[in-house]
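# Here is my input, please return the structure:
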Amino acid sequence: MDRDGLDPEDWEAFRAEAHGLLDLCIDRLRDARDYPWQLMSREAIPHLALSGEGHGEIAASRRIAREILPYHTGNTHPRFWGWVHGTGLAQGLLSEIVATTMNSNAGGRDHAATYVERAVIDWARRVIGFPDTASGVLVTGTSQATVVALMSARTRALGASSRAEGVQGAPLVAYAGAGVHSSSAKAMELLGLGSRALRRIPESDTGMDMNVLRAAIARDKAESLRPFAVIGTAGSVDMGRFDDLETLAQIAQAEGLWFHVDGAFGAWTRLADAPWRHLSDGIERADSLACDFHKWLSVPYDCGLALIREEVDQRAAFAARPAYLEGQSAGLAGAEPWFCDYGVDLSRGNRALKVWMAVESLGEVRLGAAITMNCRQAARMGALIEDTPGLCLMAAVVSNICVFTAAESLSPEEQSALNTRISHELQLSGKAVFSTTKVKGITCLRAAFVNHRTRDHDLTEALKAVVEARDALKLSGVL
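Numbering: from 1, shown residues only. Model prediction:
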């Protein structure tokens, strides 16, 4: 027994507690349908405060099981379609146990985590269709990946000296569809270019208006500005729309622009069946891609990927080694590459292992089948909505997102209030989780299908609950 270190004082007691907690976690995932989101008691929250005294791992473990585990986001439940939250994998339990045991710093050096990350990046490169010259790095998610990608683009535009000298007022501008994710604007801000330098191009159900894009590029050049990047969207977060990536690639090549794709979830349609696979045609021509493993591939949070077409561009933007990190010809510091040379983080967790586990255990066919199933479910929900009196689709179902209103006969203000209340009622009751978005000024209900646990009967039951909630709210005189 070692009372001076931080390890458990009684390893056998710790083992028994860990087995019990693991069993509880497995039960929770096996029976996920029985555990929708529930509101955490406001009175219970103050009890999570830490006194700093330390009460032992057994007591802490039991508090986790009792006071924390039940109050999840709800995204493990089959009727969770809010936002674009991946639902996780039971297989992730195994990889996370091993990753915690290894406790690797994946910033560099010669150890298994480095090679696993290389294998994951190479697999993703092949799925997307990038060449052998591509490189990448695993990050927290698409938001961070976008910064990595656009920093690579900025460095190519201004040269490696810009890392030390800054942008020096260089009039760089970039282009994206009006519905591009906010992470692109944030990236422009973080890179010192400003969100106003991101030109928002009008879009329709078929994506960005290419004629308006060409005109905007010509206008900026005529005003002595410097277009340097165009950002395509593979699966918009609001509507699931896809830009015409093939045409964007052609425009980028003709204008000498870096072509970046935000494919947070939509990039993985490369694994889906037709016709959804073809939504992302052209993605293989991008200079960079930002995407998530924790959305449509259901890898446990958090795990995203920045994939760069030419490794030299990524290294030019990020490689930097102080003396204490200098590579060696042998030993622990002997391996290349060090992933700290490909992004902003030096200390990095072993994110790659859970991706490796997902692909190795399930394979591309099963992962792709789940993506295809979700797209079919979104289409099916759209058809059910069109067949249900009072419900109305508010946008075409392009891929995996279905947006609708519960009472088309009401005024826009009344519809907005009703749809918002329905989303609250269904979430609090545990019947289903829809999020909301705005279409033509109306707050609408939104279902985003990235949930591998959803079955077709969930769609009919959820829409039945929407209608019942709508009718009850109307009868109560709330609206």
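
# Every contact and neighbour count from this point should use C-alpha atoms.
Fine.

# ok, and the closest non-adjacent residue to the most centrally placed residue in the chain?
Central residue of the chain (C-alpha atoms, centre = their mean): Asp292, 4.2 Å from the mean position. Nearest non-adjacent residue to Asp292, counting by C-alpha to C-alpha, 6 or more residues apart in numbering: Gly304, 4.0 Å away.

# That neighbour and Thr146 touch, don't they?
No - counting by C-alpha atoms under 8 Å, no contact exists between Gly304 and Thr146, whose distance comes to 10.1 Å.

# what do the two both touch?
Ala290 (C-alpha atoms under 8 Å, 6 or more residues apart in numbering).

# Between these two, which is the more surrounded one?
Between Gly304 and Thr146, counted using other C-alpha atoms under 10 Å, Thr146 has the larger neighbour count: 29 against 26.

# Name the nearest residue to Arg226, sequence neighbours excluded.
The nearest residue in space to Arg226 (C-alpha to C-alpha, 6+ apart) is Leu172, at 4.7 Å.

# got the contact list for the residue nearest to Asp292?
So Gly304 contacts Leu138, Val139, Thr140, Gly141, Thr142, Ala145, Ala290, Cys291, Asp292, Phe293, His294 (C-alpha under 8 Å, 6+ apart).

# Could you do Cys402 as well?
Contacts of Cys402 by C-alpha under 8 Å, 6+ apart are Met239, Ala378, Ala379, Met381, Gly382, Leu393, Ala395, Ala396, Arg446, Ala447, Ala448.

# now, which of those residues sits nearest Glu117?
Ala448 (29.0 Å; C-alpha to C-alpha).

# beta partners for the closest one?
Ala448 forms beta bridges with Ile401, as assigned by DSSP bridges.

# Surely it touches Trp81?
Yes - applying C-alpha under 8 Å, one finds Ala448 in contact with Trp81, separated by 4.8 Å.

# got any residues that touch both of those two?
Phe434.

# Just the ones in strands from the contacts of Gly304, please.
Leu138, Val139, Ala290, Cys291, Asp292 (DSSP state E).

# Pop the domain breakdown of this protein in here.
11-72, 105-349, 365-475 (automatic domain parsing).

# ok now the last one, how far from the chain's centre?
So the one you mean is domain 365-475. 21 Å (C-alpha atoms, centre = their mean, to the nearest Å).

# do the shortest one as well
Relative to its chain's centre, domain 11-72 lies at 26 Å (C-alpha atoms, centre = their mean).

# do stretch 176-190 as well
Relative to its chain's centre, stretch 176-190 lies at 15 Å (C-alpha atoms, centre = their mean).

# One more: stretch 177-196?
17 Å.

# repeat for stretch 318-333
Counting by C-alpha atoms, centre = their mean, stretch 318-333 comes out at 32 Å from the chain centroid.

# what's in contact with it?
By C-alpha under 8 Å, 6+ apart, stretch 318-333 touches Gly108, Arg109, Asp110, His111, Gly334, Ala335, Glu336, Cys340, Asp341, Tyr342, Gly343, Val344.

# What distance do you get for Pro78 to Leu93?
19 Å (C-alpha to C-alpha, to the nearest Å).
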